[in-house]
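Asker: I'll drop the sequence and a predicted model, then ask my questions.
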Amino acid sequence: MICFDVGWAYLADYQFWNERTGVITAAVAVIGLFVAWYQVCAARRESRRATAYAAYDGYLKLCIEHTTFASGDDIEITNNPEHYHQYKWFVANMLFAFEQVLETCKGDKTWAVTIKHQLKRHKWHLEMSSSAERPEWSDELKALFP
């Protein structure tokens, strides 16, 4: 049967595939390994993004509850000592949320622009606050202070 030994018909032979099962199995295993690695990386990225969104969502909810604090109007906030005391905690919460976002989304310029815009509203407090100067905040966050 010479017709089975040459050309494409040889691929239909059971013995041809049987001799190559080890190589085929290894190739399938390597492909499976790359697919699994890609899925783990994608899941990690999604988890980080979800963490950043949750932190920022918490900050936005706080802004809705305390619109006066969110606006950063220094005159309205400092006129009432009780408001100013609460405002300091609002800023601390804001900085913590921003630090979480920056930590989970390192190098994301969109987040940096968003956070910098929000920090500008509270520039007056950040400049006079001793908390903002302490090493408890990351250098990446401090670099965004106005």
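Answerer: That came through, no problem. Remember, predicted model here, so these are calculated numbers, not experimental data. Residues are numbered from 1 along each chain as shown.
Asker: following the worst-scoring helix or strand of the chain on mean pLDDT, which helix or strand comes up?
Answerer: When each helix and strand of the chain is scored by mean pLDDT, DSSP states H and E, helix 130-133 comes last, with a mean of 75. Stepping forward along the backbone from helix 130-133, the first helix or strand reached (DSSP states H and E) is helix 139-142.
Asker: Would you mind finding the longest helix in the chain?
Answerer: Counting by DSSP state H, the longest helix found in the chain is helix 21-65.
Asker: From the contact counts, what lies against that helix?
Answerer: Taking 3 or more Cβ pairs under 8 Å, 6 or more residues apart in numbering; DSSP states H and E as contact, the helices and strands that helix 21-65 lies on are helix 67-71, helix 81-104. Placement of C-beta: from N, CA and C, glycine included.
Asker: Using CSV, write out the CA atom coordinates for the least confident helix or strand of the chain.
Answerer: What follows is helix 130-133, C-alpha atoms only, in CSV (Å, rounded to 0.1, in the frame of the first residue of the first chain):
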residue,chain,number,x,y,z
SER,A,130,0.5,68.3,59.8
SER,A,131,-1.1,65.0,58.8
ALA,A,132,-0.4,65.6,55.1
GLU,A,133,3.3,66.2,55.9
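Asker: Identify the residues contacting that helix?
Answerer: The contact list for helix 130-133 (Cβ atoms under 8 Å, 6 or more residues apart in numbering) reads 88, 91, 92, 95, 125, 126, 142, 145.
Asker: Reformat these as TSV; add neighbour count.
Answerer: Formatted as TSV, those follow (neighbours: other Cβ atoms under 10 Å):
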residue	neighbour count
88	15
91	19
92	15
95	24
125	21
126	19
142	15
145	17
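Asker: Flag the shaky bits of the chain, pLDDT-wise.
Answerer: Low-confidence regions of the chain, defined here as pLDDT under 70, cover residues 1-7, 10.
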